[in-house]
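> let's see this in three dimensions:
(chains A and B)
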There are 2 protein chains.
Amino acid sequence: MILVTLPTRYDWIKLQRFCANVFTKAGLSEKNAEIVSDSLVQANLRGVDSHGVVRTSIYLKRVEKGMINPHADVTIENESDATALINGNNHFGSVVGMQALEKALDKAKERGAAIVGVKGSNHFGTGAYYALKAIEKDMLLLVMSNASQTMPPTGGVRPFIGTNPLAVGIPSGEEAPFILDMATSVVARGKIIVAAQKGEDIPIGWAVDKDGNDTTDAEAALEGAVLPLGGPKGYGISMFIDILSGVLTGAGFGKYVNNMYENWEDPQNVGHFFVAVDINQFIPLESFKKRMDTYIKEIKSEPKAPNVEEIFIPGELEQKCVLERKKSGIELPEKLVEEFIEIGKRYDLDFTKAALKVKVPD
Amino acid sequence: MILVTLPTRYDWIKLQRFCANVFTKAGLSEKNAEIVSDSLVQANLRGVDSHGVVRTSIYLKRVEKGMINPHADVTIENESDATALINGNNHFGSVVGMQALEKALDKAKERGAAIVGVKGSNHFGTGAYYALKAIEKDMLLLVMSNASQTMPPTGGVRPFIGTNPLAVGIPSGEEAPFILDMATSVVARGKIIVAAQKGEDIPIGWAVDKDGNDTTDAEAALEGAVLPLGGPKGYGISMFIDILSGVLTGAGFGKYVNNMYENWEDPQNVGHFFVAVDINQFIPLESFKKRMDTYIKEIKSEPKAPNVEEIFIPGELEQKCVLERKKSGIELPEKLVEEFIEIGKRYDLDFTKAALKVKVPD
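All right, here's what the predicted structure looks like:
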């Protein structure tokens, strides 16, 4: 048996440390660098690589070009008993998102429920990140965000609405918590980005090219438009998320949410919408958890379709993935590793130290 | 030109009057009979016949069998600054729903936002009904309800979750308001009921039969299961609606929400979940309406796909339908007309008086 370093598998703690150090050097406070890097690595741990550390370089680039302000003050522009309007003033999306989450949870604890709208923000990572944080505090959370244009309206041909994500976090007792985190497209645009990076094809039905034709070419799809989930229903869901996150909060909406990769003139002005609920105002928390366990157990005991081994609830597979990746490390594509080595050199940090040493039988 | 009575087209006001009279004779107060009949006829006006007056006879039957209590007191079981838990105590769903809506709107006006959970309710009609009422008061509303089992979980074969609907109502300025009202199935189960009543086939992909096979037979589909919108995403959405409406409120969930047509031993114990938002706490109402108009105008001006004449926003076609049907009347299937004539006889009411007299060129 020999001890080797597999260059493509990385220890999550070291990976997060590396990213946090990078973000600190890029101007973020230690606390905020911790939030941004945690948000990214948690996405990788959950298997959502499209929203993981792959985003590091674009975040850095936007800071360098003055498109994200790592020194901004996140301010509360209005507050009522059960609502708050937060202006991110162009800070990192996950930094703004975490402040909005805390505000929503605090107010919900005090008032039973709270809604926090956010404007002036940026790409905030995965909704599941906030859902998990709420679950840790035994709170129930709905979180939405708008995004730059990627999907046509029903009947249209070019991108108008974003794949505006919806996430829901609900605690349970012994069972896995319920964590739904979905883009309102047939698939997340991030999956098409990953396919393009790997040079892989995508299935018909995921997206259209820039002329509105069906395509299996991931690059062509990225130049075209991804399609809404279930046609007009997904279009409607994406649209109300845009309205709640953008039209209502004063953030961008539709074409006024700027593209993170393409627009280097203006901040993104992304908007978010957080709904937090104190379970105890409806039913004692312990009863709720028992009811959740019953519900989940009953679903999982349902007769299975042919070739199905197990019925999963939303977030359950991702939770299993976390355990697995904490143990075995996070695999990063070669292109990304090279990027990190470059970033490391720029900031005098050694990326290769993040590699997980694994024992390989000889 | 001769003046004739077309037996299949009915004047909406007379139709509502007839239904209200029927419900009054069945034990509802005049005010509540007005709510229930209004809720049904408004669905017909919007073109959603599956949730219209076709439901009258099942509602009546459930009252007669003691499954709905038209004399119940709807009670508030718990209340915090921004939440309330309402027990419908088995009253009509739309009567309970309207009280929950009023509570949610009042509290949101006072506190900025409010969440009202409901248990002990029944089928509450269309979510759009409540969305419209909120819009009339310039408020923003999300409303959800669970329903009896009709869809399998992803990986399962038999019904476990309902087609739990989600509705969102958002006011605009000059443009049509945004009213999304969708079942979380590929199509509403009500559409399959209507197809079965008309003896028509349904497309592949809408539903499976009782053995889990794809089917075009509407009757077989009703014995089987309708499929969730977009696979696992629709399953996840339906599930969180069930949790918010049922697990959280103390109402039924999963198999504990009883089927309106099949269970004659127990009340349905449906749950609902209302989220009301005072727009002014985020942005002045008039600015919001202008932003909505901009948003809607921009979407509607998008380049159109081949053979598409117009891009619509959710609820726009239904709004056009209301105008059309208020003028031309509501068409009812012959079977339903016969049912109404029978119901009329039972309660000493003449249904045929609800027919719209139209001028037909000779």
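> the most centrally placed residue in chain A: what's it in contact with?
With distances taken as C-alpha atoms, centre = their mean, A:Thr126 lies nearest the centre of chain A, 1.2 Å away. Counting by C-beta atoms under 8 Å, 6 or more residues apart in numbering or on different chains, A:Thr126 touches A:39, A:42-43, A:46, A:48, A:51, A:165, A:167, A:181. In this view, the C-beta of every residue, glycine as well, is placed from N, C-alpha and C.
> can you do 10 Å?
Counting by C-beta atoms under 10 Å, 6 or more residues apart in numbering or on different chains, A:Thr126 touches A:39-40, A:42-43, A:46, A:48, A:50-52, A:94, A:97, A:132, A:143, A:145, A:165, A:167, A:179, A:181, A:188, A:190, A:318.
> now do the strands in the stretch 1-150 of chain A.
Assignment of strands within the stretch 1-150 of chain A using DSSP state E, counting those that start in this stretch yields the ranges A:2-10, A:75-79, A:83-87, A:113-121, A:140-145.
> do any residues in the second one lie close to chain B?
It stands for strand A:75-79. Yes. Strand A:75-79 lies within reach of chain B by C-beta under 10 Å from any C-beta of the partner chain, at A:77-79.
> ok, of these, which come out buried?
Buried by 16 or more other C-beta atoms under 10 Å in any protein chain shown: A:Glu77, out of the residues of strand A:75-79 next to chain B.
> if we can go back for a sec, and the contacts of A:Thr126 near chain B, which?
With respect to chain B, and counting by C-beta under 10 Å from any C-beta, the subset of the contacts of A:Thr126 in contact is A:167, A:179, A:181.
> kindly check the end-to-end length of stretch A:306-315 for me.
Stretch A:306-315 has its terminal residues 22 Å apart, counting by C-alpha to C-alpha, to the nearest Å.
> and that stretch, which residues are buried?
Within stretch A:306-315, the residues that count as buried by 16+ other C-beta under 10 Å are A:311-315.
> turn the residues you listed into CSV, columns for pLDDT, distance to B:Leu105 and secondary structure.
Below are the buried residues of stretch A:306-315 laid out as CSV (pLDDT from 0 to 100; distance: C-beta to C-beta, whole Å; DSSP: H, G, I helix; E, B strand; the rest coil):
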residue, pLDDT, distance to B:Leu105, secondary structure
A:Ile311, 97, 39, coil
A:Phe312, 98, 38, coil
A:Ile313, 98, 33, coil
A:Pro314, 98, 31, coil
A:Gly315, 98, 33, coil
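> how about those residues in a markdown table, adding distance to A:Pro203?
Listed next are the buried residues of stretch A:306-315 as a markdown table, based on distance: C-beta to C-beta, whole Å:
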| residue | distance to A:Pro203 |
| --- | --- |
| A:Ile311 | 23 |
| A:Phe312 | 21 |
| A:Ile313 | 25 |
| A:Pro314 | 22 |
| A:Gly315 | 24 |
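> and the longest helix along chain A, how far out from the chain's middle?
Across chain A, the longest stretch assigned as helix under DSSP state H is helix A:93-111. Per C-alpha atoms, centre = their mean, to the nearest Å, the displacement of helix A:93-111 from the mean C-alpha position of its chain is 17 Å.
> go on, stretch A:177-190?
9 Å.
> thinking again about what came up before, which ones among the contacts of A:Thr126 map onto helices?
Using DSSP H, the subset of the contacts of A:Thr126 located in helices is A:39-40, A:42-43, A:94, A:97, A:132, A:190, A:318.
> confidence-wise, which of those residues comes last?
Lowest pLDDT within the ones in helices among the contacts of A:Thr126 is found at A:Gly190 (78).
> ok so, going back, now, which of the ones in helices among the contacts of A:Thr126 sits nearest chain B?
A:Glu318 (12.1 Å; C-beta to the nearest C-beta).
> where does A:Ile299 land in three-state SS?
Of the three states, A:Ile299 takes helix according to DSSP: H, G, I helix; E, B strand; the rest coil.
> how about the one 3 residues further on?
Reduced to three states with three-state DSSP, the structure at A:Glu302 is coil.
> for it, which non-adjacent residue is spatially closest?
B:Gly156 (4.2 Å; C-beta to C-beta, 6 or more residues apart in numbering or on different chains).
> read off the pLDDT value for that neighbour.
In this model, B:Gly156 carries a pLDDT of 90.
> quick one on the thing from earlier: now do the buried residues in the longest helix of chain A.
Residues A:93-105, A:107-109, A:111 are the ones in helix A:93-111 that count as buried (16+ other C-beta under 10 Å).
> can you tell me how far the residue nearest to the centre of chain A is from chain B?
Going from A:Thr126 to chain B by C-beta to the nearest C-beta, to the nearest Å gives 15 Å.
> any idea how far that residue lies from B:Tyr235?
19 Å (C-beta to C-beta, to the nearest Å).
> circling back: hey, which of the strands of the stretch 1-150 of chain A is tucked in deepest?
Ranked by mean neighbour count under mean count of other C-beta atoms under 10 Å in any protein chain shown, these are led by strand A:113-121, which reaches a mean of 30.
> quick one: distance of it to the chain centre.
With C-alpha atoms, centre = their mean as the basis, strand A:113-121 stands 17 Å off its chain's centre.
> need the helices for chain A, in chain order.
A:12-25, A:30-45, A:56-64, A:93-111, A:127-136, A:189-198, A:218-223, A:232-242, A:285-300, A:316-328, A:334-346.
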